[in-house]
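Participant: Have a look at this prediction, sequence included:
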2 protein chains.
Amino acid sequence: MRPRPVKGAADKIAAHPERVVSIGREETVDLLSRLPGTGPRHLEIGAGKGAFIQTMGQHHPTTRFIAVEKFDHAIVKLLDKLLETPLPNVLAVRADAMDLARCLPAHCIDRIYLNFSDPWPKARHAKRRLTHPDFLTLYQAWLVQGGDLVFKTDNRKFFEESICHFSQNGWSITALSLDLHADQDPENVMTEFEARFSQLGPIYRLTAKPKEAHA
Amino acid sequence: MRPRPVKGAADKIAAHPERVVSIGREETVDLLSRLPGTGPRHLEIGAGKGAFIQTMGQHHPTTRFIAVEKFDHAIVKLLDKLLETPLPNVLAVRADAMDLARCLPAHCIDRIYLNFSDPWPKARHAKRRLTHPDFLTLYQAWLVQGGDLVFKTDNRKFFEESICHFSQNGWSITALSLDLHADQDPENVMTEFEARFSQLGPIYRLTAKPKEAHA
């Protein structure tokens, strides 16, 4: 989806560096030091306007959440939520997923969330899809032993391809739903997108774990 | 589905041992010798009334097909088809899938088909489902290097569980459709069941290969 510009978003984000960490190209930031504590670390890539991470942060106060989003128009909405209801266990990060590679050490994340990531339907954009094997390699490096990834989407083609990628690149699919809302999982936390579009067709979800033991 | 008895089915099958090989419990039959030739061997487990294997046999005259079905009421319909239109490249086998283990050597099958297998929805019957890990071990032993398995079903829960089983038991999912008929694959050959029930919901299909190299 093309971002809709939000007037003053960049200025507002820049005015709150204590709430939103901005990572530029070539920049390296020690993200872990920005989220002290001892609870498990969960990372959402493509956090959008932040409804998911806000709810998760409230429901799981001892878990530390890192919410990464690259678009100003979206992350400024998460910033608004955090200004209204501060959550000490949620860190918002304005960055492209690939730039995170420099900012997270190996085996530091317990769970990764991909919620309704951009499906990049054109073949020439296949490498931008967040379940492309290049990204799976990154995720595998970040996850702790026993860590996992939870992926939700409403895009059938994207989900089909992703199942093949996980299966072919050393991941084990441990749970899967081809109609999440029919399954009525009481633990499911909806994103803004999910609440709006789930009437149009099934929501797909899978959980996967890297198979190889970590060094 | 409970079998509906077909009067005289058992007698008719017994009267045509040249068309239908019957394998009883504890019995061992050299199946490969019954289907001479040099083409690739494809095995359908749960062939039902045989529409799929009949069409495949006609479309691919140099491929050798083994169609296994345990219920008399179903395989007698395949026998009727073969009596009407003999197909030298199709061998019908009346057997339970587990009894095949004694009748097929290692690495002799190029492709396995599971079409709308019984989902056995009760938890206590989980081991009877044809994608249970015990069966996957059998299939892996039968397949030649580079061989694969194609699984179609309309049962969502069965397909979800099967994806997890393949992914967790050393298989690579190489292709997948969560709405086969929407994808309009011109190569898709329908079973009787598929033609009748595909209006009620999506048909799911996956292709999977064992990952390990064969000895």
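Facilitator: Structure received.

Participant: What residues does A:Val76 make contact with?
Facilitator: By C-beta atoms under 8 Å, 6 or more residues apart in numbering or on different chains, the contact set of A:Val76 is A:Val6, A:Ala9, A:Lys12, A:Ile13. For glycine as for every other residue, the C-beta is placed from the backbone atoms N, C-alpha and C.

Participant: Now it. Its backbone dihedrals?
Facilitator: phi -70, psi -30 (degrees, to the nearest 10).

Participant: and it, what pLDDT?
Facilitator: You'll see A:Val76 listed with a pLDDT of 96.

Participant: Not counting sequence-adjacent ones, nearest residue to it?
Facilitator: Distances taken as C-beta to C-beta, 6 or more residues apart in numbering or on different chains place A:Ala9 nearest to A:Val76, at 4.0 Å, with adjacent residues excluded.

Participant: From chain B, how far out is that neighbour?
Facilitator: Separation of A:Ala9 from chain B (C-beta to the nearest C-beta, to the nearest Å): 37 Å.

Participant: Ok, A:Ala106 next?
Facilitator: 24 Å.

Participant: And for A:Phe52?
Facilitator: Distance, A:Phe52 to chain B, using C-beta to the nearest C-beta: 23 Å.

Participant: Next up, the contacts around that residue.
Facilitator: Here A:Phe52 is in contact with A:Glu44, A:Tyr113, A:Asn115, A:Val189, A:Met190, A:Thr191 (criterion: C-beta under 8 Å, 6+ apart).

Participant: again, 10 Å this time
Facilitator: Contacts for A:Phe52 (C-beta atoms under 10 Å, 6 or more residues apart in numbering or on different chains) come out as A:44, A:65, A:67, A:78, A:113, A:115-116, A:152, A:189-194.

Participant: out of those residues, who has the most neighbours?
Facilitator: Neighbour counts for these, by other C-beta atoms under 10 Å in any protein chain shown, peak at A:Ala67, which reaches 27 neighbours.

Participant: does that one count as helix, strand or coil?
Facilitator: strand (DSSP: H, G, I helix; E, B strand; the rest coil).

Participant: The closest residue in space to it that isn't next to it in sequence - how many residues pack around it?
Facilitator: Excluding the flanking residues, the one nearest A:Ala67 by C-beta to C-beta, 6+ apart is A:Ala47, at 3.7 Å. Neighbourhood size, A:Ala47 [other C-beta under 10 Å]: 27.

Participant: didn't A:Ala47 look like it was pressed against A:Leu78?
Facilitator: Yes. With contact defined as C-beta atoms under 10 Å, A:Ala47 reaches A:Leu78; the gap is 6.2 Å.

Participant: lowest-confidence helix or strand of chain A?
Facilitator: Least confident helix or strand, chain A: helix A:192-197 with a mean of 84, by mean pLDDT, DSSP states H and E.

Participant: Distance from that one to the middle of the chain?
Facilitator: Remark: helix A:192-197 is offset 16 Å from the chain centroid, using C-alpha atoms, centre = their mean, to the nearest Å.

Participant: Am I right that A:Gly39 is in contact with A:Asp110?
Facilitator: Yes. Look at A:Gly39 against A:Asp110 with C-beta under 10 Å: they come within range, at 8.9 Å.

Participant: Compare the two and say which is more crowded by neighbours.
Facilitator: Shown here are A:Gly39 and A:Asp110; by other C-beta under 10 Å, A:Asp110 has more neighbours (19 against 14).

Participant: ok so, going back, tell me, what's touching A:Gly39 and A:Asp110 both at once?
Facilitator: A:Thr63, A:Arg64.

Participant: low pLDDT regions in chain A?
Facilitator: A:1-4, A:213-215 (pLDDT under 70).
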